[in-house]
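*Asks:* A predicted structure for the sequence below; I have some questions about it.
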Amino acid sequence: MLASIAGISGTVQKRLIGIICIAVLFVILNLGLWPCHAPKNEVAWLKARNGLRFGDYGTVMSTRALDGTGSRDTESCSVEIWLQAALTDSSGTIVSFYAPNHPARFSVHQSLGDLMVQSGAATWQRLYVDDVFRQVQPVFVTITSGMQGTAVYVNGTLVKAARQLRLTAGDCTGRLILGDSPLQQDTWSGELMELAIYRSELAAPAVLVHYNAWMKKGRPEAAQKENNVALYLFDERAGNVVHNHAGLSLDLAIPDTYTVLDKILLEPFWQEFGMSWGYWKGVLKNVVGFIPLGFCFYAYFSLICHCRRAAPMTVIFGTTVSLTIEVLQGYLPTRQSGTTDLITNTLGTWIGVLSYRTVIPELAEMLPWLVSAAPPRR
């Protein structure tokens, strides 16, 4: 389409190439920035039982920071979660804690069918528990940590222990976020029925007692020594507030619109890097998505503008478009703003330039009427 066809005037050719370039740019901007607004917060009360249902874009957050779990030096904490994932092949952040001066706190994630516990007190540490979400059914998860490391129980039974991962009460402080990450959109879909936080390490017998109490009575029978600082039963059934039944004034708020608490602008690529299929699929999409831009705008700069440095100008233009999208995505809660996309989009633009410089001359040799569209060989 970008080639000049015999019998078509130069003015028409310029307009045609210009229209194609504008169309390609419009599509790329639309894909990168849609939706251009904050959607409705997809969090709803369950009808048949206590709990909240989280949709594609849903989050709940505490009205203030949780600071009643003791000092950072307290070497123990525990979290109980009763939940049901919506899908077995999905990923997202279930529970996380956040403070601006220490963003890498304790968090719990679904990673496809597995459960992931993450903490970044010094360097990122992750503990994976296989097949927790292999079926769409309610599971009761207890994560307890102390001097001997961290243990994960599922339905009252120990399934994984890691001595190298140790959580402190300080890891369970800050703003409490449910269903999403506090820094980038990482929503989790499913149902959350109960959540409890302790500033002590629960022993195996206590974990089993709590599990049986949750299943029979809908709440734990916590002893005073267990220091229960947060207990959410999600029994309000209406409204936009979830009350803390542990006594502290640490209620949770359900926003009307979906929002990310402290959105990252241009997250460094080394922090975004991962070995998951989702990460590499995103990399491939961002490379392929900018190939048409490089192809079309190289034709525009070389054939219409007659630029002597059409290739570098095209690459610079592609990087500028990518940077504009990433900066704007920093203000859109449903999109992630990072520097990985700058690299992959720039690479895609360059591949588009190379594609034009390779394909068009070859076509021109086979189809002489394309010769005026072929860039000079250098």
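*Replies:* Looks like it arrived, so ask away. None of these values were measured; they are calculated from a predicted model. Numbers count the residues shown, from 1 in each chain.
*Asks:* From now on I want contacts and neighbour counts done on CA atoms only, so please keep to that.
*Replies:* Noted.
*Asks:* just how off-centre is stretch 227-243 within its chain?
*Replies:* How far stretch 227-243 lies from its chain's middle: 26 Å, per CA atoms, centre = their mean, to the nearest Å.
*Asks:* any idea of the mean pLDDT in it?
*Replies:* Rounded to a whole number, the mean pLDDT of stretch 227-243 is 93.
*Asks:* now the end-to-end length of that stretch.
*Replies:* One end of stretch 227-243 sits 18 Å from the other (CA to CA, to the nearest Å).
*Asks:* Flag every buried residue along that stretch.
*Replies:* By neighbour count on 16 or more other CA atoms under 10 Å, the buried set for stretch 227-243 is 227-235, 237, 240-243.
*Asks:* what's the answer for stretch 315-323, then?
*Replies:* Across stretch 315-323, burial judged by 16+ other CA under 10 Å covers 315, 317-319, 321-323.
*Asks:* Stretch 264-274 now?
*Replies:* Neighbour-count burial for stretch 264-274 flags 264-267 (criterion: 16+ other CA under 10 Å).
*Asks:* do stretch 84-95 as well
*Replies:* For stretch 84-95, the neighbour count (16+ other CA under 10 Å) marks 84-88, 90-95 as buried.
*Asks:* And for stretch 37-55?
*Replies:* Using 16+ other CA under 10 Å as the test for burial, stretch 37-55 gives 39, 41-46, 50-55.
*Asks:* residues in contact with A86?
*Replies:* For A86, the contact set (CA atoms under 8 Å, 6 or more residues apart in numbering) comprises 136, 189-191.
*Asks:* Likewise for E221?
*Replies:* With CA under 8 Å, 6+ apart, E221 has these contacts: 209-210, 213.
*Asks:* and which of those is nearest K14?
*Replies:* Of all the contacts of E221, K14 sits closest to H210, with 73.1 Å by CA to CA.
*Asks:* Output the helix or strand of the chain with the lowest mean pLDDT in PDB, but only the C-alpha positions, please.
*Replies:* The weakest-scoring helix or strand in the chain, judged by mean pLDDT, DSSP states H and E, is helix 269-272 (a mean of 87). Once non-C-alpha atoms are left out, helix 269-272 reads as follows in PDB (Å, rounded to 0.1, in the frame of the first residue of the first chain):
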ATOM      1  CA  PHE A 269      13.100  -2.600  33.500                       C
ATOM      2  CA  TRP A 270      15.200  -4.700  35.900                       C
ATOM      3  CA  GLN A 271      12.400  -4.600  38.400                       C
ATOM      4  CA  GLU A 272       9.800  -5.500  35.800                       C
END
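*Asks:* Not counting its own residues, what contacts it?
*Replies:* Residues from elsewhere that reach helix 269-272, judged by CA under 8 Å, 6+ apart: 338-340.
*Asks:* Can you tell me the SS state at L231?
*Replies:* Using DSSP: H, G, I helix; E, B strand; the rest coil, the three-state assignment for L231 comes out as strand.
*Asks:* can you pull the contacts of the closest residue to it other than its chain neighbours?
*Replies:* Nearest residue to L231, sequence neighbours excluded (CA to CA, 6 or more residues apart in numbering): A196, at 4.4 Å. The contact partners of A196, taken as CA under 8 Å, 6+ apart, are 79-81, 228-232.
*Asks:* Can you tell me the SS state at A196?
*Replies:* Following three-state DSSP, the label given to A196 is strand.
*Asks:* Of the contacts of helix 269-272, which belong to strands?
*Replies:* Judged by DSSP state E, strands contain none of the contacts of helix 269-272.
*Asks:* I'd like these laid out as JSON lines, including distance to G274, pLDDT and neighbour count.
*Replies:* Shown next, in JSON lines, are these (distance: CA to CA, whole Å; pLDDT from 0 to 100; neighbours: other CA atoms under 10 Å):
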{"residue": "G338", "distance to G274": "13", "pLDDT": "93", "neighbour count": "22"}
{"residue": "T339", "distance to G274": "14", "pLDDT": "95", "neighbour count": "21"}
{"residue": "T340", "distance to G274": "11", "pLDDT": "96", "neighbour count": "20"}
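*Asks:* Closest one to V260 out of those residues, please.
*Replies:* Among these, G338 lies closest to V260 (CA to CA), at 15.0 Å.
*Asks:* SS state for the residue lying closest to N50 once chain neighbours are set aside?
*Replies:* Excluding its sequence neighbours, the residue lying closest to N50 (CA to CA, 6+ apart) is D235, at 4.9 Å. What three-state DSSP gives for D235 is coil.
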